[in-house]
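K.L.:
need a 3D model of the sequence below.
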Amino acid sequence: MVATDTPPFFSEVNGVMVGIDIDLVNEIAAELKVPVRYERSAKTFNQVVEVVADGKADFGISKLARTLARAKMVNYTIPYMGIKHALLVNRLGFAKIAKDRPAPQVIREFNGTLGVLAGASWEEFARKNFPKAEMVRFKTWELAVEAVKQGKIVAAYRDEFEVNTVFQEDPKLTLTLRTITFNDLESSLAMPVGINDRALLGFLNEFISLRAEKPSIESIMKAMK
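P.N.:
Got it, this is the predicted structure:
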């Protein structure tokens with residue numbers, strides 16, 4: 001698991017790990033009748049996959065999206081949750097690059113500055129989905145958001161939950177920023193497993209498929225209100 005807390009998916013509260021991903025891990029451990037030990041040396045999301053690939057953890061979980069680059073190192077479980085892609089956009093910056101073109105065309109041909117979280121799946125997604133954009137890597141999502149606020153970049157690229165949370169924390173930002181959510185682009189959250197650990201992969205896939213309650217962005221946002 002990555003070292004940086006990402007509530008409500010995973011975070012440490014008073015010395016105890018809590019969150020959506022943590023609930024999933026605890027249920028898996030209960031079925032296997034084993035204790036849980038979190039390996040949190042990874043500084044980036046990509047490093048979580050590398051830790052699993054190196055055999056230093058049985059599996060990984062950190063709100064991790066499946067990507068082709070990661071699939072070269074590990075096997076992925078079936079998704080336990082899906083999250084749509086989204087842009088956090090500076091209205092003035094977007095208007096400058098749009099000129100007289102309709103918004104859908106500007107987005108399809110986006111050639112402005114696009115902030116992404118370094119060492120995360122969003123770098124790969126940005127290269128694939130916005131090849132004309134000038135990608136700017138940020139160490140944290142908070143730094144990317146701040147750059148959009150200040151107009152240093154036109155947009156920041158992540159999932160709908162993280163983008164919508166920005167406005168939940170400060171509704172006044174709707175005056176200068178906007179959200180663009182993609183119904184045809186979705187991150188499939190899954191768990192990486194060692195490339196040769198077929199038995200564990202099979203068990204985790206069966207566990208996910210039989211799980212009664214499957215989290216969604218709608219249920220998460222509702223619970224946070």
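K.L.:
make it CA atoms for all contacts and neighbour counts henceforth
P.N.:
Noted.
K.L.:
verify the stated contact: Lys149 with Arg91.
P.N.:
No: using CA atoms under 8 Å, Lys149 makes no contact with Arg91, being 9.6 Å away.
K.L.:
overlap in contacts of these two?
P.N.:
Common contact partners of Lys149 and Arg91 (CA atoms under 8 Å, 6 or more residues apart in numbering): Thr176, Leu177.
K.L.:
per-residue confidence for Pro104?
P.N.:
Among the per-residue scores, Pro104 holds a pLDDT of 89.
K.L.:
ends of stretch 165-173, what's the gap?
P.N.:
11 Å (CA to CA, to the nearest Å).
K.L.:
who touches it?
P.N.:
With contact meaning CA under 8 Å, 6+ apart, stretch 165-173 is reached by Thr174.
K.L.:
got the buried residues for that stretch?
P.N.:
By 16 or more other CA atoms under 10 Å, the buried positions in stretch 165-173 come out as Val166, Phe167.
K.L.:
how far out from the middle of the chain is the strand of greatest length in the chain?
P.N.:
When the chain is scanned for its longest strand (criterion: DSSP state E), the result is strand 177-189. Per CA atoms, centre = their mean, to the nearest Å, the displacement of strand 177-189 from the mean C-alpha position of its chain is 11 Å.
K.L.:
elements contacting it?
P.N.:
Judged by 3 or more CA pairs under 8 Å, 6 or more residues apart in numbering; DSSP states H and E, strand 177-189 is in contact with strand 81-90, helix 160-169.
K.L.:
switch the cut-off to 6 Å
P.N.:
Applying 3 or more CA pairs under 6 Å, 6 or more residues apart in numbering; DSSP states H and E, we find strand 177-189 packed against strand 81-90.
K.L.:
dihedrals phi and psi, the residue located most distally from the centre of the chain?
P.N.:
Most distant from the centre of the chain: Asp100, at 32.8 Å, with distances by CA atoms, centre = their mean. Asp100 has phi and psi values of phi -100, psi 0 when expressed as degrees, to the nearest 10.
K.L.:
report the mean per-residue pLDDT for the host helix or strand of Ala30.
P.N.:
Assigned by DSSP states H and E, Ala30 belongs to helix 20-32. Helix 20-32 shows a mean pLDDT of 96.
K.L.:
list the contacts of the very next helix or strand once past it.
P.N.:
Following helix 20-32 in sequence order, the next helix or strand is helix 45-53 (DSSP H and E). Around helix 45-53, the neighbours that count as contacts under CA atoms under 6 Å, 6 or more residues apart in numbering are Met1, Val2, Ala42, Phe59, Met73, Val74, Gly119, Ala120, Gly194.
K.L.:
the closest residue to the fourth one other than its chain neighbours: how many residues sit nearby?
P.N.:
The reference is to Phe59. Nearest residue to Phe59, sequence neighbours excluded (CA to CA, 6 or more residues apart in numbering): Val193, at 4.6 Å. Using other CA atoms under 10 Å, Val193 has 25 other residues around it.
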